[in-house]
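Student: Okay, sequence plus prediction incoming.
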Amino acid sequence: MALPNGDRRGNAVSVTHALVLASGNAGKLREFGQLLKSLGLSVRPQAEFGVDDVEETGLTFVENALLKAREASRVSGLPALADDSGLEVDALQGQPGIYSARYAGEPKSDARNNAKLLEALADVPREERSARYWCVLVYLRHADDPVPIIVQRSWEGEILEQPRGEGGFGYDPLFWLPEQGRSVAELAAEEKNRLSHRGRALEALVATLDEERQR
Ligand SMILES: O=c1nc[nH]c2c1ncn2[C@H]1C[C@H](O)[C@@H](COP(=O)(O)OP(=O)(O)OP(=O)(O)O)O1
Ligand SMILES: [Mg+2]
C-alpha cells in the first residue's frame, strides 16, 4: 500500500499517512478498518476530530460522498475518504437508493428500514426481487481539492422474504447472493470485504492512489 506522501520507492508510507474516514456508520468503519489494516494503513474516524454528520442534500451518491469528505477534511485538516452507499431495488424503481439510510425515517434504524423493505416487497415474487448495493467512494487530498478521486462499484443480489444471518450491517440479512447460496449477513467478514461493493471500490481507489504516487 502506498499513498501520495510516500517516497518514490514506496517505503514506510503507511506508517506516516494520516487519513480521516468521513463516516459515522459503525458497520462501515469496521469494514474500512479491516480492509485498510490489511493494507498496513490505519485511519481515523471523523468522530475523533469532532466532525458531525453533514446533511446529505445531494441527489446522487457522488454528491453526498463529496459533501461528507469535504466537511471531514475541512474540520480535520487531513485527506478524507467518504463512502455514500445504498440499495437499489428494481421492483421499487430503484428505491430506497440514496435514501437507504433514512428509508423508514429519522432516527436512522436498520431494523425499521429492513421491516419497511419487506413490507414494500410483500407482494413481489422471488424472481422479481433483484437488487444491487452501490458504493461511491470519494477521496479528497484536502478540503478544496478540485480533482477528487471518485470510484463506484455495485454488488448484485436479491431481496429475501425474511432475514438470514447475523453478520454485516444495514440490509445485509435481506441481501441474498445466488452464487454464494448465502445472505451477506451469513458471510465471514473477510468474504464480504473481498466480494462487496465497498471492498472492490476501495481496492480500485487504492490502485489509483498508488498510480498517482508513482508518477
Ligand atoms: O454493505 C452494506 N451492507 C448493508 N447495508 C449497506 C451496505 N452499504 C450500504 N448499506 C446501506 C446502509 C444504509 O442504509 C445506507 C448507507 O447510507 P449512507 O448515508 O451512505 O451511510 P450512513 O448514513 O449510515 O453513514 P455515513 O453517511 O456517516 O457514512 O445503505
Ligand atoms: Mg449517511
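Tutor: That came through, no problem. Ligands and ions are numbered 1, 2, ... in the order given.

Student: From here on, just use CA atoms for contacts and neighbour counts.
Tutor: Noted.

Student: Report how many residues lie close to A188.
Tutor: Residues within reach of A188, counting by other CA atoms under 10 Å, total 11.

Student: Which SSE is immediately downstream of the helix or strand of the chain with the lowest mean pLDDT?
Tutor: Sorting the helices and strands of the chain by mean pLDDT, DSSP states H and E puts helix 13-16 at the bottom, at a mean of 42. Sequence-wise, the next helix or strand downstream of helix 13-16 (DSSP states H and E) is strand 20-21.

Student: For the helix or strand just after that next one, buried residues please.
Tutor: Downstream of strand 20-21, the next assigned helix or strand under DSSP H and E is helix 26-37. Within helix 26-37, the residues that qualify as buried are K28, L29, E31, F32, G33, Q34, L35, L36, counting by 16 or more other CA atoms under 10 Å.

Student: and which of those residues is nearest ligand 1?
Tutor: K28 (7.0 Å; CA to the nearest ligand atom).

Student: pLDDT score assigned to the closest one?
Tutor: Per-residue pLDDT puts K28 at 98.

Student: mind checking how far it is from G168?
Tutor: Here K28 is placed at a distance of 9 Å from G168 (CA to CA, to the nearest Å).

Student: which parts of the chain sit against ligand 1?
Tutor: Neighbours of ligand 1 within the chain, by CA under 6 Å from any ligand atom: 23-25, 83-87, 100-101, 169-172.

Student: Can you flag the buried ones in those residues?
Tutor: S23, D83, D84, S85, G86, L87, S100, A101, G170, Y171, D172.

Student: so V51 touches E71, yeah?
Tutor: Yes. Assessed by CA atoms under 8 Å, V51 is found in contact with E71 at 7.5 Å.

Student: longest single helix anywhere in this structure?
Tutor: helix 197-214 (DSSP state H).

Student: mind listing what's buried in that one?
Tutor: Using 16+ other CA under 10 Å as the test for burial, helix 197-214 gives H197, R198, G199, R200, A201, L202, A204, L205, V206, L209, D210, R213.

Student: So which elements touch it?
Tutor: Contact analysis of helix 197-214 by 3 or more CA pairs under 8 Å, 6 or more residues apart in numbering; DSSP states H and E lists strand 130-140, strand 149-159, helix 189-195 as its packing neighbours.
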